[in-house]
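Enquirer: Fold the stuff below for me.
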Amino acid sequence: MLHILRHSPHSESRFASCLRAVNANQSLLLIEDAVYGLLPGTSTRNALEYLPASVNLYAMEADLQARGLALDDLSSRIRVVNYAMMVALCAEHAKVVSW
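Expert: Numbers count the residues shown, from 1 in each chain. Modelled structure (predicted):
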């Protein structure tokens, strides 16, 4: 299953709810304001790091750049994707949930 999260971790409870719903061997793609969860030193970044190692983590490159997040500050666990890669992720997963 691919979880696509677009809401900010600072203004919505959906971010925390999504993290609780993600299980081992699933994938999580952060888009739009959800990429703020990757800011270094934040509790949301720590929560992402504590997800099981089998959870694949992705972030949309255009959204990272639009919000001024430095790609160098990302965890090595995060794979940066473009729009074509996002479409491929959606196609390769049997189920896609948008948060």
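Enquirer: Leaving out chain neighbours, which residue sits closest to the residue most central in space within the chain?
Expert: Closest residue to the average C-alpha location of the chain: Leu30 at 2.8 Å, with CA atoms, centre = their mean. The spatially closest residue to Leu30, leaving aside those adjacent along the chain, is Ala59, at 4.6 Å (CB to CB, 6 or more residues apart in numbering). All C-beta atoms are positioned from the backbone trio N, CA, C, and that covers glycine.
Enquirer: elements contacting the helix or strand that neighbour falls within?
Expert: Using DSSP states H and E, Ala59 sits in strand 56-60. When contacts are defined as 3 or more CB pairs under 8 Å, 6 or more residues apart in numbering; DSSP states H and E, strand 56-60 sits against strand 27-30, strand 78-81, helix 83-92.
Enquirer: how many degrees apart are that strand and helix 83-92 in direction?
Expert: Computed by axes from the mean of the first three to the mean of the last three CA atoms, to 10 degrees, the angle separating strand 56-60 from helix 83-92 equals 140 degrees.
Enquirer: Tell me which residues are up against strand 56-60.
Expert: Residues outside strand 56-60 that contact it (CB atoms under 8 Å, 6 or more residues apart in numbering) are 26-32, 35, 38, 48, 51, 74-75, 77-83, 85-86, 89.
Enquirer: Same check on stretch 8-24?
Expert: The contact list for stretch 8-24 (CB under 8 Å, 6+ apart) reads 1, 3, 5, 7, 28, 33-34, 36-37, 42, 44, 47-48, 51-52, 54-55, 97, 99.
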